[in-house]
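# All I have is the shape, not the residue letters:
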């Protein structure tokens, strides 16, 4: 089959690799029907994060089960399935706490594991990892609405949960990439009355409004912190930091009120300065965390199927898997929010 | 009157200064009856924190009201009073939230304000700041039991609250200075079944046990993290970091479980590295905060008066105010946990 690998920084290749096979009785083989490029894929691509040449790529994908191991009972061949960006055994102490991303036996798609920007994936712990989508027409449109759940929408939900946004409150989201847009949607889903999105792509305003943002401010405008503090009467109780960069974290600190909380979900990239004294001086809570996406999949799936949320607008373009190298170039140049790939 | 000033690093002087007077109608004048040297006083003393030559010193003190301004109604001349280490107006948005240390009109004792290592203090916002102690014999022994409430005991309570310690849980406290010892007591008060105190002064074991610690481990023993993770089945849910140093914060990260919380109350000193990726990777919450001590004073006062807690053992020595320079030297050499000063 064909799978995407990172050969060296800037060099994405679609290469022939051996077809995956069932290795363990709790494995499943899934044929990928739709995958995506994630902002965090760009970091090794840009050489800003270490990788091993030949690493498989892609952790956002949905597909159809092709074959299951002898012990798999919850998913069946033919099922459309969602996979969170991390697999986990579902039985360890951390999984039982809902912290699937800390499962010692688990892992992330890509790298030395199968990646989702490929024709197929071997899924360990299939019963624990995969969520089947049944009783609906598993068409392309549905797949587009579900694909963001596997990472960016779950991560947006996690950001809002970490930030402790409560119904009726004004939520502030820093970062207008796919995660920030999904966090805006998640804030509305959590009952936020207003969602102030602070970002660097003001041309994404229409998209941001479709995704739930009520106010859009520029991260680069020096008046923004003052405006936010005025609108929130002294700073936001909860700020969702959805970029993982130094400037986003610093800005979040400018926007949060004393006693407030920063929920930080962007993979930290080049963040070498956390101002502990500033947190200390005003009792600001920092809750950084990779989203345990698996725990959010079922409720999000329900909401998508009920038509209550639709995160598909973050997929601003679609290309065939053949064009994966181009997709990375376009994402890298920020000409797309997120690109869906069809094998 | 006489007041302690920091003339230059290492140079503590008891000098003559003008007697304080009522300046505002909500001021009170309090004659100090017992004060203390705090671990955080040592940082400017050692030149590890900036100060202005001549800065007043001391933020832990109790005393008797001598005179009140025209608008003061809650405290009366003759009252024994507790003062938190920060004064606050009691009416602003942050004070109403219980975050007295973020009051824009408030401040800390010492520096350009009156300090507690002195014969008297002018107290702004006296009604909001001071807590009168009535209906009991205001003797020396009671003053010793109450003095720690003004900072280290309130800070210990804050650490345990930030760390989210729940009844029946095992609490882990890093740092066996006065705050760490008080946090141990606070953990027991919060219902912790076990309190593991990790510190550098194993000779303080008896004192630590009197203050509620059930297990005492060395911060310098490389086996300690493994032991704690074993005893807590994977790491503590809540770790109270009570030193404010880089090594204490790093150790707290070694002891907390995935999904757990570090409550950090030591004034950050030389902490230039907060490993955001490590917080992120395992969803660890960092709650750093200066204790809004005022909010804890009444309930702690009740507990002391009822005989439920007695933090006075942290006052390991007592000297006349005349000997304040010696007191700093003894504290600096770690020959005392905390020294009480009697004007």
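Looks like it came in fine. Computed from a predicted structure; not experimentally measured.

# Can you show me the helices along the stretch 151-300 of chain A?
Using DSSP state H, counting those that start in this stretch, the helices assigned to the stretch 151-300 of chain A run over residues A:152-163, A:178-189, A:205-210, A:224-231, A:246-255, A:276-281, A:294-305.

# quick one: average pLDDT of stretch A:101-121?
Stretch A:101-121 shows a mean pLDDT of 97 in the predicted model.

# Straight-line length of that stretch, end to end?
One end of stretch A:101-121 to the other measures 19 Å (C-alpha to C-alpha, to the nearest Å).

# Ok, stretch A:70-87 next?
19 Å.

# cool, and stretch A:53-67?
30 Å.

# from the middle of its chain, how far away would that stretch be?
Relative to its chain's centre, stretch A:53-67 lies at 15 Å (C-alpha atoms, centre = their mean, to the nearest Å).

# Pull out the buried residues from it.
Using 16 or more other C-beta atoms under 10 Å in any protein chain shown as the test for burial, stretch A:53-67 gives A:55-67. From N, CA and C alone the C-beta is placed, and that goes for glycine too.

# Does residue A:71 belong to a helix, a strand or coil?
coil (DSSP: H, G, I helix; E, B strand; the rest coil).

# Please list all residues in contact with the residue lying closest to it once chain neighbours are set aside.
Excluding the flanking residues, the one nearest residue A:71 by C-beta to C-beta, 6 or more residues apart in numbering or on different chains is residue A:25, at 4.0 Å. When contacts are counted by C-beta atoms under 8 Å, 6 or more residues apart in numbering or on different chains, residue A:25 is found next to A:69, A:70, A:71, A:72.

# Now name the helix or strand holding residue A:137.
Residue A:137 is located outside every helix and strand, with elements delineated by DSSP states H and E.

# now it: how far from residue A:82?
Between residue A:137 and residue A:82 the computed distance is 16 Å (C-beta to C-beta, to the nearest Å).

# How many neighbouring residues does the residue of the stretch 101-250 of chain A found nearest chain B have?
Closest residue of the stretch 101-250 of chain A to chain B, C-beta to the nearest C-beta: residue A:102 (3.7 Å). Residue A:102 sits with 25 neighbouring residues when counted by other C-beta atoms under 10 Å in any protein chain shown.

# So it sits against residue B:284, correct?
No: using C-beta atoms under 8 Å as the test, residue A:102 is too far from residue B:284 to be in contact (9.9 Å).

# Name only those of the contacts of residue A:25 that count as buried.
Buried among the contacts of residue A:25 (16+ other C-beta under 10 Å): A:69, A:72.

# Save the contacts of residue A:25 as a markdown table, and put in pLDDT too.
Shown next, in a markdown table, are the contacts of residue A:25 (pLDDT from 0 to 100):
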| residue | pLDDT |
| --- | --- |
| A:69 | 98 |
| A:70 | 98 |
| A:71 | 98 |
| A:72 | 98 |
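
# From residue A:4, how far off is the residue nearest to residue A:296 when sequence neighbours are not counted?
Leaving aside its sequence neighbours, residue A:296 sits nearest to residue A:154 (C-beta to C-beta, 6+ apart; 4.4 Å). According to C-beta to C-beta, residue A:154 stands 22 Å off from residue A:4.

# can you check residue A:197 too?
Residue A:197 is 31 Å from residue A:4, by C-beta to C-beta.

# repeat for residue A:129
With C-beta to C-beta as the criterion, residue A:129 and residue A:4 are 20 Å apart.

# pLDDT averaged over stretch A:284-294 - what is it?
98.

# ok, now stretch A:234-249?
95.

# Name whatever forms a beta bridge with residue A:5.
residue A:13, residue A:56 (DSSP bridges).

# Thought residue A:52 was touching it, still the case?
No: between residue A:5 and residue A:52 there is no contact under C-beta under 8 Å: 9.9 Å.

# Common neighbours of those two, please.
Joint contacts of residue A:5 and residue A:52 (C-beta under 8 Å, 6+ apart) do not exist.

# Give me the more crowded residue out of those two.
Taking other C-beta under 10 Å, residue A:5 and residue A:52 do not tie; residue A:5 has more neighbours (22 against 10).

# Low-confidence bits of the stretch 101-250 of chain A, can you list those?
Along the stretch 101-250 of chain A, segments meeting pLDDT under 70 are nowhere present.

# What residues does it have near chain B?
A:101, A:102, A:233, A:234, A:249 (C-beta under 8 Å from any C-beta of the partner chain).

# Was I right to think the third one contacts residue B:94?
It refers to residue A:233. No: counting by C-beta under 8 Å, residue A:233 does not reach residue B:94; the two are 11.1 Å apart.

# What's the local residue count around residue A:263?
Neighbours around residue A:263, by other C-beta under 10 Å: 27.

# isn't it right up against residue A:157?
No: here residue A:263 does not reach residue A:157: they are 10.5 Å apart, not a contact under C-beta under 8 Å.

# Residue ranges of each domain in chain A, please.
A:2-151+A:292-342, A:153-288 (automatic domain parsing).

# Just name the most buried of these.
Neighbour counts (mean count of other C-beta atoms under 10 Å in any protein chain shown) averaged over each of the domains of chain A peak at domain A:153-288, with a mean of 23.

# what two of the contacts of residue A:25 are the furthest from one another?
Largest separation among the contacts of residue A:25 by C-beta to C-beta: A:70 and A:72, giving 7.4 Å.

# which residues sit in contact with residue A:32?
Contacts of residue A:32 by C-beta under 8 Å, 6+ apart are A:61, A:62, A:63, A:116, A:118, A:119, A:120, A:121, A:343.

# Isn't the third one up against residue A:123?
It refers to residue A:63. No: assessed by C-beta under 8 Å, residue A:63 is found out of contact with residue A:123, at 9.4 Å.

# if you skip the residues just before and after it, what's nearest to residue A:10?
The spatially closest residue to residue A:10, leaving aside those adjacent along the chain, is residue A:45, at 6.5 Å (C-beta to C-beta, 6+ apart).

# try residue A:152
That would be residue A:178: by C-beta to C-beta, 6+ apart, it lies 4.3 Å from residue A:152.

# residue contacts, that neighbour?
Taking C-beta under 8 Å, 6+ apart, one finds A:38, A:39, A:148, A:152, A:314, A:337, A:338 in contact with residue A:178.

# same thing with residue A:177?
A:39, A:199, A:242, A:243, A:337.

# Can you flag which of these belong to strands?
Those of these mapping onto strands are residue A:199, per DSSP state E.

# ok, of the contacts of residue A:177, which one's closest to residue A:228?
For the contacts of residue A:177, the nearest to residue A:228 is residue A:199 (12.8 Å; C-beta to C-beta).

# I'd guessed the closest one sits against residue A:215; true?
No: using C-beta under 8 Å, residue A:199 is not in contact with residue A:215; the gap is 11.4 Å.

# Inside strands: which ones of the buried residues of stretch A:53-67?
A:55, A:56, A:60, A:61, A:62, A:63, A:64, A:65, A:66, A:67.

# For the second one, list the residues it contacts.
What that stands for is residue A:56. A:3, A:4, A:5, A:109, A:110, A:111, A:112, A:113, A:114, A:115, A:117, A:118 are the contacts of residue A:56 under C-beta under 8 Å, 6+ apart.

# ok, it to residue A:83 distance?
14 Å.

# same deal with the last one?
For residue A:67, the distance to residue A:83 (C-beta to C-beta) stands at 15 Å.

# Please identify which of the contacts of residue A:177 is nearest to residue B:77.
Closest to residue B:77, out of all of the contacts of residue A:177 and judged by C-beta to C-beta, is residue A:242, at 56.4 Å.

# in terms of contact, does residue A:16 touch residue A:5 like I think?
No: contact criterion C-beta under 8 Å: residue A:16 and residue A:5 do not qualify, at 10.5 Å.

# Would you verify that the residue nearest to residue A:71 is located in a helix?
No: Residue A:25 is assigned coil when assessed by three-state DSSP, not a helix.

# any idea how far residue A:171 is from it?
Taking C-beta to C-beta, one finds residue A:25 at 44 Å from residue A:171.
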